[in-house]
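> mind folding the following:
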Amino acid sequence: MRTHTAFKHPLLWTLGLLSLAAVAQTGLPQPPVAPVRPVTDTLHGVAVADPYRYFENVKDPVVAQWLRGQGDAARAALDRISVRDALEQRITEIGNASGDAVRDIMRMPGERTYYLKRARGEKQFKLMRRQGKGAEVLLVDPEREAQRTGVPHAINYYKPSWDGHYLAYGLSAGGSEDASLHIVDMASGKAVAPVFPRVHEDLVHWAPDSRSLTFNQLKELKPGEPDSETFLDSRVLWLRIGQTQATPLFGPTVTPKLGLERLDNAEVMFTPGSPWMIARTTDTTLPEGKLYRARVSELGRKTVAWKQISGFADKITQVDWRGNDLYLLTYNQAPRNRVMQLDLRQADLKTAREVATAPADGVLEHFALTRDGLYGSVRQGTSIVLRRYAKGQPLGAAIAMPYAGAAVVHADPAHSASTLLYTLLGWTSLPRIFVLDGERSTDAGLVAAVTPPSLPEVQITELQVKSHDGVLVPMTVLHKKGLALDGRNPTLLRGYGGYGFSETARFSPSDMAWIERGGVLALANIRGSGVYGRDWYQAGFKASKPNTWKDGVACAQALIARGYASPQTLGVMGTSAGGIFVGRVITSAPQLFAAAVFNVGVMDAVRAEESANGITNISEFGSFKNPAEFPALLEMSTYHQIKDSTAYPAVLLVHGLNDPRVDVWHSAKATARLQAASTSGKPVLLRLDAQAGHGVGSTANQRYAQDADIFGFLLWQMGQVGLKD
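The predicted model follows:
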C-alpha cells in the first residue's frame, strides 16, 4: 500500500535552509533546495518514507532544473579549491609520463595480437592489431566519431574472426554503454552487415568457419514498458556474413522448451577445432547460470538439439574448452574454487573430474587454456600470481613472478599459443606486459619502455584490523616513506564489498598525486569482497551485508588509533556497489570522518529494483518484494538511513547523467536528503557530468578532471587547503 501527500515537511525544509546558509557563508553559490513530496510505502508491515520519490523521473522539468542547479553549484565550489587545477595538471603529467596504456589484449591464430591502446597524451582507447613483430595497424578510432558528433565515444568490446578477415565491435556514446554492433571487413574497414543496436555486452562469437557469428541483442522496449523490462527476454541471434537479417538461435522466447527464465541473458560460444557450441546464461550480474551444448553442424537447422549441462545450483563461474574437453571453474564444494574437466560427448556433470584446485594460501579466481596447458590466476591478498597445472597434478606448481603485483592473463580464445600473455600490475610499478614461456617471463614488446615519472618512495603496509565481531579484516596502507604518524595526514579509506570483487594492486596516477602531497591511501578488503574466497564474500551478502560497513568503521577506527589520521583528516570513498559501503559507514559513524565521496553509488537499495539494471542485481542484494530479503535491503539503503539533525561529514556525490548501471537519481535523492538532514554546516555537493555514465568509456581527460575534483574536495574539507578568492 502506498500513500502520497504533496506538501513540504517543515522540519526538513528548515534544516535544509540552515545547511545551505552555512554554505553561503563561504561565498559559494547555494545549491537549490529540493521540495519534499512525501511518499510512504508500507512494505511487509513497515512504513518506508521516500520524500524525494519524484526524483526518479529525471526527465521531469522540475527535477532536470534541480539537477542543473546542483551541478552548477558543485562546479563553482570545486573550481574555487586552491589546489584543484594543480592536481589535475599533476595527475595528467603522471598519466602522460606513464607511457601508452594498453588493455583488453587478445591473441589469435597466425600470431595476430589485438588490443585497445591509448597513446601517451591521447583521450581514448583505439583498437590496434599487430602480426608477429610487424607494424601496428589502427583498426577502429572512436575519436573520429567523437569529433563528428561532439560526444565522447568508446569501444565497449571487439571480436575478430578466427581467420582475421572480419571484425565485430561495439561502440557507444557519452559513457552510456548502449553499444551498437558493427561488423566490418578488416582490410577495407567497410561494413559487411547492418549495424545492430542494443548489443550492450561482449556476448559476440564467431563460428569456427569465420563466416557467421552469434550475438545477444536486448529487446526494444515498447512505449509505456517500464525500464525494468530492459534485460528480460533477450535473444541470441545468428548472422551469416552477406545477409541482412539475423536468425533467432537461443533465448527464453526462442527456445521455450528449455525452460529458461526471462532474465537468462545468453551467449552461444565456439572454439576452433571443436564440433561443439556452448550456450551459457547469466543474469548479467552474477557469473553463475545455465550451460547447454549442441553440435556446430546444427546451425541453420529449424531446431537445435540443446542438452543442458548445468544450472545455477552447480555454481559454475567460468567455462572454456578444447575439442571434446570442457573446463569449468566452480565453487561447488570448494569455497576457494577449483577447475573440473568434463567430456562433452557425455555432458554429464557427475562424470567431471578435478584438474586444478586452489593452494592453501590463495583463491583460484580464473583459469586459462593454452595449446597444451592449463594455468590458474591465484589471489593472495591484493596480489595475483600464476600457477601451472600439469596433467594429473591438481595442486599445480607456483610460477615465479618478475615482481610482486597482480597478473592479468590475456585472452587466447583459439588456444593457438603454447605461451601465456599477461600484464603485471603493481601499486608503485607501471604496468608491464609479459610472455610466459615455461618458467620464464619476458617483455612482450607491445609497448615501448618508458622512464617512470619522478615520484616519492612509497611505504606499503599490510594490516589486519579486528572488526566488530573479532574477525580480522585485511587493509593495505600506502604513503610516502618517512611520513610521521601523528594523526595529521589527509587519509582516504576506500572499500567496495560486493560481488566478490577485491581491492587489487594497480598503478594509479591520481593515487600517486595524492600520496605525493602527503596523503595516505587505505584499501580495505571488507567482507563482501572475495579476498579469501566464497565464504568471505557471503559474509557480506544480503542478510550479512552489515559486516561490509561495520568492517569499514573498524578500519577507520584503526587508522585513527594508529596515528595515520584523525576525525579531522579522515575521508572515505566507495564506487558503484561500494556506495553501500561508504554511505552506511558515514550514517553509522559520522563522527569519524571529515569527508566522504559517493562515486556513482547505490544509495536507495530499496527502489533500485525498479530501474533497468536494478532487476539484474536482485541476485546480489535481494528484492524488496521478498519479505525475507526486504529487511536487509532497507538496512543497506543509505537514503533510508539518513537521520534528521545529524552532523554528517562533508559529502561529494559524483555521477554521470548517462549511467546505465546506477541511475543518477540515486545520487540525486541522497543529495537532497543529506542537504536537508545535516547540521554540520559542511557542504553536500553533487558533481554531474552530462557526457559520462558509470565511468566505462570516459576519456582520460574526464577521469583526470574527476579525480582532481575528488582529491581537491578531500584536501579542502580536511583543512589542508582553502578556497581561491
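> ok, G323 - contacts?
273-274 (C-beta atoms under 8 Å, 6 or more residues apart in numbering). In short, each C-beta sits where N, CA and C put it, glycine included.
> report how many residues lie close to L326.
24 (other C-beta atoms under 10 Å).
> please tell me how far it sits from P272.
According to C-beta to C-beta, to the nearest Å, L326 stands 15 Å off from P272.
> would you map the helices across this structure?
Counting by DSSP state H, residue ranges of the helices within the chain are 10-24, 61-79, 84-97, 142-149, 509-516, 534-538, 546-561, 578-588, 618-621, 630-636, 638-641, 665-677, 700-717.
> of all those helices, which one is nearest L213?
With C-beta to C-beta as the measure, helix 142-149 is the member of these nearest L213 (21.2 Å).
> who does the closest one touch, helix- and strand-wise?
strand 153-160, strand 166-173 (3 or more C-beta pairs under 8 Å, 6 or more residues apart in numbering; DSSP states H and E).
> any chance of these in CSV, plus distance to G533 and mean pLDDT?
Formatted as CSV, those follow (distance: least, C-beta to C-beta, whole Å; pLDDT from 0 to 100):
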stretch, distance to G533, mean pLDDT
strand 153-160, 29, 98
strand 166-173, 33, 98
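> which positions within stretch 587-602 qualify as buried?
587, 589-590, 592-602 (16 or more other C-beta atoms under 10 Å).
> so what touches stretch 392-404?
338, 354-357, 359, 375-376, 383, 385-390, 407, 424, 426, 429, 432, 434, 436, 439, 441, 505.
> got the buried residues for that stretch?
Residues of stretch 392-404 classed as buried under the neighbour-count rule (16+ other C-beta under 10 Å) are 394, 396, 399, 401-402, 404.
> so what's the closest residue to D372 other than its chain neighbours up against?
Counting by C-beta to C-beta, 6 or more residues apart in numbering, D372 lies nearest to S418, which is 6.3 Å off, once chain neighbours are set aside. When contacts are counted by C-beta under 8 Å, 6+ apart, S418 touches 370-373, 437.
> pick out the lowest-pLDDT one from the residues you listed.
Ranked by pLDDT, those bottom out at D372 (92).
> how far away is that one from D343?
Distance, D372 to D343, by C-beta to C-beta: 18 Å.
> before we move on, what about R90?
From R90 across to D343, the span is 57 Å (C-beta to C-beta).
> what does A390 give?
On the measure of C-beta to C-beta, A390 and D343 end up 20 Å apart.
> and what of S645?
The spacing between S645 and D343, counted by C-beta to C-beta, is 66 Å.
> now swap in A605 and tell me
43 Å.
> the more surrounded of those two?
Neighbours per residue, other C-beta under 10 Å: of A605 and D343, the larger number sits with A605, 29 against 14.
> ok, now which ones touch that one?
580, 621, 633-634, 636-638.
> leaving out chain neighbours, which residue sits closest to it?
Distance criterion C-beta to C-beta, 6+ apart; nearest residue to A605, sequence neighbours excluded, is S637 at 3.9 Å.
> same question for V355.
Q341 (4.7 Å).
> quick one on the thing from earlier: ok, the residue nearest to D372 to G497 distance?
For S418, the distance to G497 equals 39 Å [C-beta to C-beta].
> same check, this time on F367
Distance from F367 to G497, by C-beta to C-beta: 25 Å.
> show me what contacts D185?
D185 neighbours (C-beta under 8 Å, 6+ apart): 165-167, 191-192.
> for L258, same thing?
292, 306, 308.
> same question, V355
Taking C-beta under 8 Å, 6+ apart, one finds 327, 339-341, 374, 389, 391, 394 in contact with V355.
> check N332 too.
314-316.
> strands - which of those land there?
Of these, the ones assigned to strands by DSSP state E are I316.
> of the contacts of N332, closest to S212?
Looking across these and measuring by C-beta to C-beta, the closest to S212 is I316, at 26.7 Å.
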